[in-house]
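Chemist: Everything below, folded, please.
(one chain, ligands or ions: 2)
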Amino acid sequence: MGGLAGKGMLAVFGAGALALAATGWMAAGTPEAQAKSKYEVDGKKSGYLYSTPETQAMQDDDFMNQGMLWVERGQKLWSQVEGAAGKSCQSCHGDVEKMRGAYTTYPKYDPKTKKLINIEQRINRCRTEQMKAKAWKWESDELLSMTTLIGYVSRDLPMNVKIDGPAKPFFEKGKAFYYQRRGQLDMACKHCHIDNPGKFIRADLLSEGRAGGAFPLYRLKWQKLGSMHRRFRGCNRQVRSEPYKAGSDEYVNVELYIKWRSNGLPVEVPAVRR
Ligand code: HEC
Ligand code: HEC
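Modeler: Ligands and ions are numbered 1, 2, ... in the order given. Sure, this is the predicted structure:
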């Protein structure tokens, strides 16, 4: 079966309206393309390379990058004392720059819960256990800001998640999730992001979904920053399947799969996407 000609795709585009052009915004070989080459590693391309030059320019320039507002908020939160233990993140961790590298290794196996823990959950664990403060809600400004800050201090480092040892069964589950057909359109993640990157689906140019180093990111459509799990929910809805909860085991497992597909690509938090 060639390309997107699945049962689901016909429903997505309407029969006869498979508006798939095999050209992207990329102009390989131009000086611009070479300058962007840090976003292509071992043949893996970041979603950055599937963005329009205007969106790329917004990401590249910290003054234009709306996501930087969340980095600033995160910096304020870092030294804010909260909770019964009377501590801030800084009280224990010192300068946030000491967190450089941490972002690239999550999700990872957590011996305590015997499942994976991602970066948002790691932050919240420090809130509840170390600070005796309330966990931040998923997609709250606070959790997004802190996650963005932790990502930001790892900017340009290569993603480096581990999938062996005790993480392996969770990686396998995440991979199975990625390949599993679902929803009224009966499509898997892989039908769009592995089989069809570089093609248009409506007005969107499909990327390889190698967004491991990109989230939280500023989405023009959202007019704000959002987590990777928010994006998953949107992708589930596109095929008319019931989304899972942000922070669910299913999403953390598939997050590890995606981050593994992004290993070697640089952290680009806060990225900007359409
Ligand atoms: C009372 C001390 C304490 C406070 C306060 C604290 N942490 Fe932690 N944090 C730790 C300890 C200890 C570890 C590592 C050991 C463990 O718990 O697994 C850790 C680990 C982490 C990690 C994982 C680092 C890595 O390399 O994997 C992150 C991220 C983190 N903390 C973020 C935060 C943030 C954000 C805050 C504030 C909201 C915070 N911590 C507050 C003690 C603290
Ligand atoms: C019907 C096609 C389709 C399916 C199926 C689909 N997505 Fe997407 N996805 C998109 C489009 C369109 C975008 C935005 C453009 C892009 O980056 O590909 C996107 C973006 C993403 C991104 C962000 C990429 C970036 O760099 O910004 C991630 C991560 C992602 N999808 C994960 C998933 C996961 C996980 C699944 C399965 C649960 C899934 N997608 C299923 C169409 C799809």
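Chemist: May I ask you to confirm that Arg125 is in contact with Ile119?
Modeler: No - look at Arg125 against Ile119 with Cβ atoms under 8 Å: they stay out of range, at 10.6 Å. Placement of C-beta: from N, CA and C, glycine included.
Chemist: Name the residue in these two with the higher neighbour count.
Modeler: Set Arg125 next to Ile119 and count neighbours by other Cβ atoms under 10 Å: Ile119 wins out with 25 against 15.
Chemist: Please see if stretch 213-221 touches ligand 2.
Modeler: Yes - residues of stretch 213-221 contacting ligand 2 under Cβ under 6 Å from any ligand atom: Ala214.
Chemist: Only the buried residues of that stretch, if you could.
Modeler: Neighbour counts using 16 or more other Cβ atoms under 10 Å place Gly213, Ala214, Phe215, Pro216, Leu217, Tyr218, Arg219 of stretch 213-221 among the buried residues.
Chemist: Greatest separation within those: which pair is it?
Modeler: The widest separation within those, taken as Cβ to Cβ, falls between Gly213 and Arg219 and amounts to 15.9 Å.
Chemist: gap between Asp61 and ligand 2?
Modeler: Using Cβ to the nearest ligand atom, to the nearest Å, Asp61 is found at 18 Å from ligand 2.
Chemist: how deep is that residue tucked in, by neighbour count?
Modeler: With other Cβ under 10 Å as criterion, Asp61 counts 11.
Chemist: Can you list the residue ranges for helices in the stretch 101-250 of the chain?
Modeler: For the stretch 101-250 of the chain, helices defined by DSSP state H, counting those that start in this stretch occupy the ranges 119-125, 141-152, 168-179, 189-193, 228-238, 249-261.
Chemist: what sits against Tyr103?
Modeler: Contact partners of Tyr103, counting by Cβ atoms under 8 Å, 6 or more residues apart in numbering, are Ile119, Ile150, Gly151, Val153, Ser154, Leu157, Val267, Val269.
Chemist: now the helices of the stretch 101-250 of the chain as JSON lines including mean pLDDT?
Modeler: Listed next are the helices of the stretch 101-250 of the chain as JSON lines, based on pLDDT from 0 to 100:
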{"stretch": "helix 119-125", "mean pLDDT": "98"}
{"stretch": "helix 141-152", "mean pLDDT": "98"}
{"stretch": "helix 168-179", "mean pLDDT": "98"}
{"stretch": "helix 189-193", "mean pLDDT": "97"}
{"stretch": "helix 228-238", "mean pLDDT": "97"}
{"stretch": "helix 249-261", "mean pLDDT": "98"}
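Chemist: Pipe those into a markdown table and attach distance to ligand 1 per row.
Modeler: Below are the helices of the stretch 101-250 of the chain laid out as a markdown table (distance: least, Cβ to the nearest ligand atom, whole Å):
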| stretch | distance to ligand 1 |
| --- | --- |
| helix 119-125 | 4 |
| helix 141-152 | 5 |
| helix 168-179 | 17 |
| helix 189-193 | 27 |
| helix 228-238 | 16 |
| helix 249-261 | 14 |
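Chemist: now these as CSV including distance to Leu205?
Modeler: Output for these, formatted as CSV (distance: least, Cβ to Cβ, whole Å):
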stretch, distance to Leu205
helix 119-125, 27
helix 141-152, 24
helix 168-179, 20
helix 189-193, 11
helix 228-238, 15
helix 249-261, 18
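Chemist: Out of those, flag the one nearest Pro107.
Modeler: Here helix 249-261 is closest among these (Cβ to Cβ), at 4.6 Å.
Chemist: buried stuff in the closest one?
Modeler: Glu250, Tyr251, Val252, Asn253, Val254, Glu255, Leu256, Tyr257, Ile258, Lys259, Trp260, Arg261.
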